[in-house]
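> Structure for this input, please:
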Amino acid sequence: MAPRADLAGDVKAYAALAVALASPSANRAAILSAHGLDEAGWEALDDAWQARIAEEDEEDEAGIPRLMAAYADAFVQAQRARAKTVLSFERFIEVARVLQRTDDAPKALARMGLTLADVMASQHHWTARMMEDDALATQFRHAMR
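All right, here's what the predicted structure looks like:
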């Protein structure tokens, strides 16, 4: 992970730390300590980043604030890096159906032995594939009914 100095100015380092801390199995104290932080320091850092993201007014060509887009991209990249593997398409559909029908996604994921990073990496992968393959997209839509 990045040193603390990078966390205040590097959106990728901040996103990577946010992803690490979001893992259900994360040892938050150890992760924070490795970055010279405690919970209060993390909260201050997180609040500062959230304020910067909220105040950003320079937009990209899609009308999305540039810092928000950079953070979202960095967050997804960090999640994908932590994911063990991309789920098979059939397993991805199964997980999507369960998540569609539950009011407690963290518990449902835990019961399936998955992390949010696993699901997000798979969602990114299969969404991109479905955008290029109409038959795959149709199969997904039918399965989600």
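
> When you work out contacts or count neighbours from here on, use the C-alpha atoms and nothing else.
Fine.

> Check which element follows the helix or strand where S33 lies along the chain.
Using DSSP states H and E, the element containing S33 is helix 28-34. With elements assigned by DSSP H and E, the helix or strand that comes after helix 28-34 is helix 39-55.

> follow-up on the earlier one: what residues of the helix holding S33 count as buried?
Neighbour counts over helix 28-34 (16 or more other Cα atoms under 10 Å) mark R28, I31, L32 as buried.

> Equivalent analysis for stretch 82-96, please.
Residues of stretch 82-96 classed as buried: R82, A83, V86, L87, F89, F92, I93, V95, A96 (neighbour count, 16+ other Cα under 10 Å).

> Flag the least confident of those.
Minimum pLDDT across the buried residues of stretch 82-96 is recorded for A83, with 67.

> Quickly list the domain ranges of the protein.
4-82, 89-143 (automatic domain parsing).

> what about the last one, how long is it end to end?
Translated: domain 89-143. 11 Å (Cα to Cα, to the nearest Å).

> Name the next helix or strand following the lowest-mean-pLDDT helix or strand in the chain along the chain.
The weakest-scoring helix or strand in the chain, judged by mean pLDDT, DSSP states H and E, is helix 4-9 (a mean of 76). Per DSSP H and E, the first helix or strand lying C-terminal to helix 4-9 is helix 11-22.

> pLDDT of that following helix, averaged?
Predicted confidence along helix 11-22 averages 91 (mean pLDDT).

> now it against helix 39-55, angle please.
Between the axes of helix 11-22 and helix 39-55, defined by axes from the mean of the first three to the mean of the last three Cα atoms, to 10 degrees, the angle is 130 degrees.

> Alpha carbons of helix 11-22, as CSV, please.
Output of helix 11-22 as CSV, limited to C-alpha atoms (Å, rounded to 0.1, in the frame of the first residue of the first chain):
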residue,chain,number,x,y,z
VAL,A,11,-6.8,9.2,-5.6
LYS,A,12,-5.6,5.7,-6.6
ALA,A,13,-3.9,5.2,-3.2
TYR,A,14,-6.9,6.4,-1.4
ALA,A,15,-9.2,4.1,-3.4
ALA,A,16,-7.0,1.1,-2.8
LEU,A,17,-7.0,1.7,0.9
ALA,A,18,-10.8,2.2,0.9
VAL,A,19,-11.2,-1.2,-0.9
ALA,A,20,-8.8,-2.9,1.5
LEU,A,21,-10.8,-1.6,4.5
ALA,A,22,-14.1,-2.6,2.9
